[in-house]
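[1] build the 3D model from these lines:
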Amino acid sequence: MFHTNTQRLIDVWREQYSHSEGTPDRAQISPVAFGPLLPQLFMLGGETAGDEVFRLAGGFLADLHGRDLRAAPFCNLWAKPDRHRLIITLARSRHESAPIVATANASTISGESIGLEITLAPLIGPTGQVDRIIGLYQPISMTARLVGKPVSQLALRHLELIEPNQTRPRDRAHLRLVACNGRRVA
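    Numbers count the residues shown, from 1 in each chain. Here you go, the predicted model:
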């Protein structure tokens, strides 16, 4: 299961996907509609996967990275070994019109880290092509662990392409922990 804020962005994107019978238009989804999540939202722009730059970035992202991200290349925030996998999945997301959820470790230069869910959902821009991506940074651990230090790098833990009509995350086990009298049995 994703964090409720991550799921909210996916649900809003899916609703517009079904109305437009395909990739939603950038004008159909207003970041302002997300209210309290606005500091965690961002918009990327770029003609092809891998060349996306931040067009807009909420205050939470600026605080987390310790700088204004506008015009910064998105892929440069990631560890070098993860960039190729991310670019391939972004290209697939654009082609298949499907959101992505990246579970990542966000680390400072001195080694403190937190977990993030980073959602990326493709949009059609003013050119009529998929050249925009709306996204959300959702912390899944306490940001206080960073002790005020900026994040210097993101590292992938899991990367998942979400089918537009999928009801639950794919590639995740659906097993539950079962205990009997305090002992794990399954």
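
[2] next, count neighbours for Gly135.
    Neighbourhood size, Gly135 [other CB atoms under 10 Å]: 25. C-betas here are computed from N, CA, C, even on glycine.

[3] try Leu156
    The tally of other residues near Leu156 (other CB under 10 Å) stands at 18.

[4] let the chain start at 721 from now.
    Shifting the count to begin at 721 puts that one at Leu876.

[5] tell me which residues touch it, please.
    For Leu876, the contact set (CB atoms under 8 Å, 6 or more residues apart in numbering) comprises Trp798, Ala799, Asp802, Arg805, Leu806, Ala822, Thr823, Ala824.

[6] need the contact list for the fifth one.
    By that I understand Leu806. Listed by CB under 8 Å, 6+ apart, the contact partners of Leu806 are Cys795, Trp798, Ala822, Leu876, Leu879.

[7] neighbour count says what about the residues you listed? Which are buried?
    When neighbours are counted using 16 or more other CB atoms under 10 Å, the contacts of Leu806 contain these buried positions: Cys795, Trp798, Ala822, Leu876, Leu879.

[8] so of the residues you listed, which ones are in strands?
    Ala822, Leu876, Leu879 (DSSP state E).

[9] export these to JSON lines and tack on pLDDT and distance to Ser833?
    Formatted as JSON lines, those follow (pLDDT from 0 to 100; distance: CB to CB, whole Å):
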{"residue": "Ala822", "pLDDT": "98", "distance to Ser833": "15"}
{"residue": "Leu876", "pLDDT": "98", "distance to Ser833": "13"}
{"residue": "Leu879", "pLDDT": "97", "distance to Ser833": "18"}
